[in-house]
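Participant: Predicted model follows, preceded by the sequence.
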Amino acid sequence: MPGIIVLGTQWGDEGKGKAVDALGEHVDLVVRYSGGNNAGHTVVVGGEKFIMHLLPAGILNRNATTVIGNGVVVDLDVLYHELDGLAARGEVVDHPLISANAHLITSYHQTLDKVTERFAGRKRIGTTGRGIGPTYSDKVNRVGIRVSDLLDADLLHDKVVASLDMKNQTLVKIYNRREIDADIVTEQLLAHAERIRPYIVDAARLLNDELDAGKVVLFEGAQAHHLDVDHGTYPYVTSSNPTAGGACTGTGVGPTRIDRVIGVAKAYTTRVGEGPFPSELFDAAGERLRADGGEYGATTGRPRRCGWFDAPVVEVANRVNGCTDVFLTKLDVLSGWERIPVCVAYEINGQRSDIYPMTQSEFQVAKPIFEFLPGWTEDITKIRDFDRLPANCRAYVKRLEELIRCRISGIGVGPGREQAVMINDLV
Ligand code: GDP
Ligand code: IMO
Ligand code: MG
């Protein structure tokens, strides 16, 4: 079972970090393939909490080599802040290998992210402000800076000058900001050049070689299906492809080498930032989910918007990504409800739709149609066997399985590494 993708099926923060960690010692390499430090992946080991933004969450798995693929956008300050932070906590981890083709986030990308959001006012996306969108824009516009550019200081400087040419005009004339100095940006980037140099690799070749050798490679998705720039709730999305295809383009590994796609789904739904969310709760029930689930962003600390499980949202993600299995997280958070609503369909302009609609204008006005499932009161955080879960809890899982049309192979019953109920082997 060598190539395994783990990805989010909702709007992020499903517990991908925990799912990656749960696959643990069977994995030889863990590779991030999209996004950057807009992600926040939490792993709880022995009661200690670690949040990885740019580093693969798999870095806490001592047996695995970690890789940052070409599809990732890299903020070098964050990379070293995270690595040094782990070292300061006594965690002995290896420096990740980094694709020469990955793009670099610079200070001007961060500035542009912030000023464009401010300028957009009520039409803002609610980005994480980490410079993600502007860095991917530069990549597609062919004026980006790549990790390999760090190997040649003159070339790097030329590229920064070229990239800033138009941007400085925009910053000064439209946003009324000061010009950004190319020399300073080049220096900021070169400050890390010597440290990173030994770890810059042809990641595509390396990963293919490892797969040839029968190694287990886990592709760690960031963000989620509904934040995907092609398949998500556009324009309220991120600027990359967190979906399964992104694991191939974002690492240089062909689709024939992927054996399993694990979709991570939260037992209810959350979202950070702007954009449609039909099953969102605006009342005390939403407050209760937020409090019980600790739903505050791992990256920005923003309170997450909370709502009931939306089956068509997860069903379409399973379909588009070809998920073979689902890992259902945070089921423990639902203990104590008399009945649990699940969104099974939408009412769109007076018509019932059992599937995720074709257009975003339809999804914007979709009203949830709920089915009500009986709840359970028991604390399930110490249960490790599916058969020991309360009957209504098992029935909830089985009903979700039908609605999302994918088998549920693992269940999270708490944030800790060991707090999982495994139904089918995932590696
Ligand atoms: P990611 O971005 O998908 O990796 O998810 P985040 O780390 O941003 O958010 C998930 C949060 O839920 C983190 O605080 C996790 O520690 C926590 N978590 C993950 N799985 C479970 C679970 O099964 N039960 C509970 N109670 N918490 C969980
Ligand atoms: P993980 O990997 C939740 C959201 C932002 C915003 C939109 C665009 O932890 O699940 P960006 O900064 O990417 O341009 O912001 O995407 N967003 C996330 N929401 N989890 C994430 O990552 C996210 N990464 C980006 O809140 O709405
Ligand atoms: Mg997160």
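Facilitator: Okay, I see it. Ligands and ions are numbered 1, 2, ... in the order given.

Participant: Show me what the longest helix along the chain is packed up against.
Facilitator: Longest helix in the chain, counting residues (DSSP state H): helix 153-173. Of the remaining helices and strands, those touching helix 153-173 by 3 or more CB pairs under 8 Å, 6 or more residues apart in numbering; DSSP states H and E are helix 107-120, helix 182-190. (Glycine included, C-beta is placed from N, CA and C.)

Participant: Any chance of a markdown table for the ones you listed, columns mean pLDDT and mean neighbour count?
Facilitator: Below are the helices and strands packed on helix 153-173 laid out as a markdown table (pLDDT from 0 to 100; neighbours: other CB atoms under 10 Å):
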| stretch | mean pLDDT | mean neighbour count |
| --- | --- | --- |
| helix 107-120 | 96 | 18 |
| helix 182-190 | 98 | 16 |
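
Participant: Just give the closest residue to the residue in the chain that ligand 1 sits nearest to, not the sequence neighbours.
Facilitator: Closest to ligand 1 within the chain is residue 412: 2.2 Å, counting by CB to the nearest ligand atom. Leaving aside its chain neighbours, residue 412 sits nearest to residue 329 (3.6 Å; criterion: CB to CB, 6 or more residues apart in numbering).

Participant: show me the contacts for the one you found.
Facilitator: Listed by CB atoms under 8 Å, 6 or more residues apart in numbering, the contact set of residue 329 reads 14-15, 18-19, 264-267, 411-412.

Participant: One more pass at 10 Å, please.
Facilitator: The contact partners of residue 329, by CB atoms under 10 Å, 6 or more residues apart in numbering, come to 13-16, 18-19, 22, 264-268, 293, 410-415, 419-420.

Participant: restrict these to those near ligand 3?
Facilitator: Among the contacts of residue 329, the residues within reach of ligand 3 (CB under 5 Å from the ion) are residue 13.

Participant: rewinding a little: beta partners for the residue nearest to residue 412?
Facilitator: Going by DSSP bridges, residue 329 is paired in beta bridges with residue 266.

Participant: how near is it to ligand 3?
Facilitator: Residue 329 is 11 Å from ligand 3, where distance means CB to the ion, to the nearest Å.

Participant: ok, that residue to residue 19 distance?
Facilitator: 7 Å (CB to CB, to the nearest Å).

Participant: anything in contact with each of those two?
Facilitator: Here residue 329 and residue 19 share the contacting residues 264-265, 410, 412, 420, scored by CB under 10 Å, 6+ apart.

Participant: Just the buried positions in the longest strand seen in the chain, please.
Facilitator: As assigned by DSSP state E, the longest strand anywhere in the chain is strand 339-348. Buried positions in strand 339-348, judged by neighbour count with 16 or more other CB atoms under 10 Å: 340-346, 348.

Participant: and the contacts of residue 329 near ligand 2, which?
Facilitator: Contacts with ligand 2 within these, as defined by CB under 6 Å from any ligand atom: residue 13.

Participant: Out of the contacts of residue 329, which sit inside helices?
Facilitator: Checked against DSSP H, those include these in helices: 16, 18-19, 22, 293.

Participant: Hmm, which of these is lowest in pLDDT?
Facilitator: Among those, residue 22 has the lowest pLDDT, at 90.

Participant: I figured residue 311 hits residue 278, correct?
Facilitator: No. Between residue 311 and residue 278 there is no contact under CB atoms under 10 Å: 11.2 Å.

Participant: circling back: can you lay out the helices and strands packed on helix 153-173 as CSV showing distance to residue 371?
Facilitator: Listed next are those as CSV, based on distance: least, CB to CB, whole Å:
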stretch, distance to residue 371
helix 107-120, 37
helix 182-190, 53
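
Participant: Find residues that contact each of residue 311 and residue 278.
Facilitator: Residues touching both residue 311 and residue 278 (CB under 10 Å, 6+ apart) are 343, 368.

Participant: what about those two, which has more around it?
Facilitator: Set residue 311 next to residue 278 and count neighbours by other CB atoms under 10 Å: residue 311 wins out with 25 against 21.

Participant: wait, residue 319 sits on residue 406?
Facilitator: Yes. The pair residue 319 and residue 406 passes the contact test of CB under 10 Å, sitting 8.7 Å apart.

Participant: which of those two has more neighbours?
Facilitator: Remark: of residue 319 and residue 406, residue 406 carries more neighbours, 25 against 15, as counted by other CB under 10 Å.

Participant: Validate this expectation: the more buried one resides in a helix.
Facilitator: No. Counting by DSSP: H, G, I helix; E, B strand; the rest coil, residue 406 falls outside a helix, being coil.

Participant: separation between residue 378 and ligand 3?
Facilitator: Applying CB to the ion to residue 378 and ligand 3 gives a distance of 28 Å.

Participant: So for that residue, what's the nearest residue that isn't a sequence neighbour?
Facilitator: Residue 378 sits nearest to residue 390 (CB to CB, 6+ apart), 4.9 Å away.
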